[in-house]
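K.L.:
got a predicted model here, sequence first, then my questions.
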Amino acid sequence: MKLIPVPISLREAREFVGNFHRHNKPPQGGKFAIGASYDDRLVGVAIVGNPVARRMMDGFTAEVVRVCVQDDAPKNTCSFLYGRCWRIWQQMGGKRMITYTLQSEAGSSLKGAGWKMVGEVELKPKGWQNRPGRKWQPIYGQLKFKWEAVMKRNDYLDTAKELINGNRAKDYGDAKDNFDRIATGWNVIVQDAFTTHNKITAKHVALMMDWVKTCRLLETIDHKDSWIDKCGYSALGAEFEDEPR
C-alpha cells in the first residue's frame, strides 16, 4: 500500500485543515490544493497560494501555505505532499516555491522532499493585519525558518525534454532539418569572415544569430518573437564598431 495523490478543492482542503491542523487556522485563499490518500482514505492535504510576502510575488513563486496530515498518516506524507506541490507548480510554469516552519520543528519532511532552508524569518508584530481577512494568530509571534525549492538539474532536463518534443518541435520543425539549414548559412558566413577578416567578428556573430532566426521563420513565418529577435541582432550588428580587415 502506498500514498496516492488525489485532486481536492480548496474548500475541502480548508475544511480538512480546520479539523486537523495543530496550530494554524485554514488560509483565506489559495491557488490550488492537493490531497494524499492512503488505504482509500484522505490522510493529508496541502494548500498552495501566492507568497504572503508581497516582494516575493513575481508570478513565478508560490508558497505552500498549509500542510496538514492526520496523526495516523504514514511518516512520509508531508514529504510526499511538498514534493507533489513543487512538481505541480513546475508543470504550471513556476520556478520557485517557498514555505515556512517553526524553528521548534525539525523540517525533516522538507529535507526529505529536497527543499533547502534558506534563512530565518523576523517576528511579525501584533496587529499584522494589513490585508482584508488576515487575523492575528499566536503562531505569528514564533520564530520561523524559510524553506525553498528551486529547479535542479533533473528539473531543467525535464523542461528541456518538454520543449524539444512539444511546442518547439511544432514551431521549428524537424530538428535535423533546422540545424542543416543553420549550418548551410553559417558555413557561408564563416568562410567569408575568414576570407575578409581572418577571423569571426562580432558583426559576423550578429549575422549568424540572425540566420538562426531566419531558419526558424522558414518553418513558422508568423512567429513574432523571431522577427523581433532578428531586428535586435541587426541593430546590435550595426552598432558594433567595424574591425580592420
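P.N.:
Ah, there it is.

K.L.:
who's in contact with stretch 192-209?
P.N.:
185-186, 189-190, 229, 233-234, 236-237, 240, 242-245 (CB atoms under 8 Å, 6 or more residues apart in numbering). No exception for glycine: its C-beta is placed from N, CA and C like everyone else's.

K.L.:
out of those residues, who's nearest residue 16?
P.N.:
The closest of the contacts of stretch 192-209 to residue 16 turns out to be residue 229 (CB to CB; 48.2 Å).

K.L.:
surely the closest one and residue 215 touch.
P.N.:
No: using CB atoms under 8 Å, residue 229 is not in contact with residue 215; the gap is 12.0 Å.

K.L.:
compare these two (neighbour count), which wins?
P.N.:
Comparing residue 229 with residue 215 by other CB atoms under 10 Å, the one with more neighbours is residue 215, at 22 against 17.

K.L.:
tell me which element the more buried one falls in.
P.N.:
Residue 215 belongs to helix 202-219 when assigned by DSSP states H and E.

K.L.:
how about that helix as PDB, C-alpha atoms only?
P.N.:
Taking C-alpha atoms only, helix 202-219 is exported to PDB below (Å, rounded to 0.1, in the frame of the first residue of the first chain):
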ATOM      1  CA  ALA A 202      31.100  40.400 -33.500                       C
ATOM      2  CA  LYS A 203      29.300  41.600 -36.600                       C
ATOM      3  CA  HIS A 204      29.600  38.100 -38.100                       C
ATOM      4  CA  VAL A 205      28.100  36.600 -34.900                       C
ATOM      5  CA  ALA A 206      25.200  39.000 -35.300                       C
ATOM      6  CA  LEU A 207      24.700  37.700 -38.900                       C
ATOM      7  CA  MET A 208      24.900  34.100 -37.600                       C
ATOM      8  CA  MET A 209      22.300  34.700 -34.900                       C
ATOM      9  CA  ASP A 210      20.100  36.500 -37.400                       C
ATOM     10  CA  TRP A 211      20.300  33.400 -39.700                       C
ATOM     11  CA  VAL A 212      19.200  31.200 -36.800                       C
ATOM     12  CA  LYS A 213      16.000  33.200 -36.500                       C
ATOM     13  CA  THR A 214      15.600  33.200 -40.300                       C
ATOM     14  CA  CYS A 215      15.700  29.400 -40.400                       C
ATOM     15  CA  ARG A 216      13.100  29.200 -37.700                       C
ATOM     16  CA  LEU A 217      10.900  31.600 -39.600                       C
ATOM     17  CA  LEU A 218      11.100  29.500 -42.700                       C
ATOM     18  CA  GLU A 219       9.100  26.800 -40.700                       C
END
